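> show me the folded form of this:
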Amino acid sequence: MRCKHIIFDFDGTLGDTRHTIVEMFQATMREMNLEVRSEAECVATIGLTLEQGFMTMYPTMSREQAQQCVLRYRDILYRDIDKNIPRCFEGVVTTLAELHRRGVTMSIASSRSSPSLLLFMRSMGIADYFCYVLGSDNVTSHKPNPEPVNNILAKLNLSPSDAIMVGDMPVDILMGRNASVRSVGVTYGNSSREELSAAGADHVIDSIAELTNIVDLQ
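Model (predicted):
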């Protein structure tokens, strides 16, 4: 059956946000007088919500403390938001345009909150390709829980066999699997081919342009 719909992750899949995320995390740590974690430790939390990210890096941190860190992180992000707009990864715009031309509908399921997600998408010139955008503030349970994918399928009246999930982190792949949706891992983001395969990705690609071939295979 041909793929009708693609659900994309955003950070590390469409937008090259790694540098900004690490910079915002470390700036928050300094302002909150926390021991600054390494780039690798920060990157390992991409795909989680900010609250989950802080609590992962600081296991003894309370939820209240994590929420304060999230508020500070967002304050830092918006202080100079124009400089923090990410660029699209190579091939993203042309691939989205081609998929749209073929009649494939597209949505986003992100652990980023919807205000910055929508702002980034509009600034990057890709917002019009997506029929539905779901941020971390639009769900109760987050990746790898299937709720985001299930909500999108229900909203668009799709079955799991109609869609594929595309992401750069194991939590993206696991979310798709938990919703019985086929998944594609991308290696140009923040995870290796081995990590994505171990999470159970049906396909692993090195360029988003390869998606057009995968859609034809479905």
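> how much space between residue 9 and residue 102?
21 Å (Cβ to Cβ, to the nearest Å). For the C-beta atoms, the positions are set from N, CA and C on the backbone; glycine is no exception.
> more neighbours, these two?
Taking neighbours as other Cβ atoms under 10 Å, residue 9 and residue 102 compare with residue 9 leading, 30 against 12.
> need phi/psi at the more buried one.
For residue 9, the backbone dihedrals (degrees, to the nearest 10) come out as phi -70, psi 160.
> what sits against it?
47, 108-110, 165-169, 172 (Cβ atoms under 8 Å, 6 or more residues apart in numbering).
> please apply the same query to residue 121.
With Cβ under 8 Å, 6+ apart, residue 121 has these contacts: 10, 108, 127, 130, 133.
> in a markdown table, list the residues you listed along with pLDDT and distance to residue 97.
Below are those laid out as a markdown table (pLDDT from 0 to 100; distance: Cβ to Cβ, whole Å):
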| residue | pLDDT | distance to residue 97 |
| --- | --- | --- |
| 10 | 98 | 18 |
| 108 | 98 | 16 |
| 127 | 98 | 13 |
| 130 | 98 | 12 |
| 133 | 98 | 18 |
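> pick the one among those residues closest to residue 178.
Among the contacts of residue 121, residue 108 lies closest to residue 178 (Cβ to Cβ), at 17.8 Å.
> please confirm that the closest one is located within a helix.
No - the assignment for residue 108 (DSSP: H, G, I helix; E, B strand; the rest coil) gives strand, which keeps it out of a helix.
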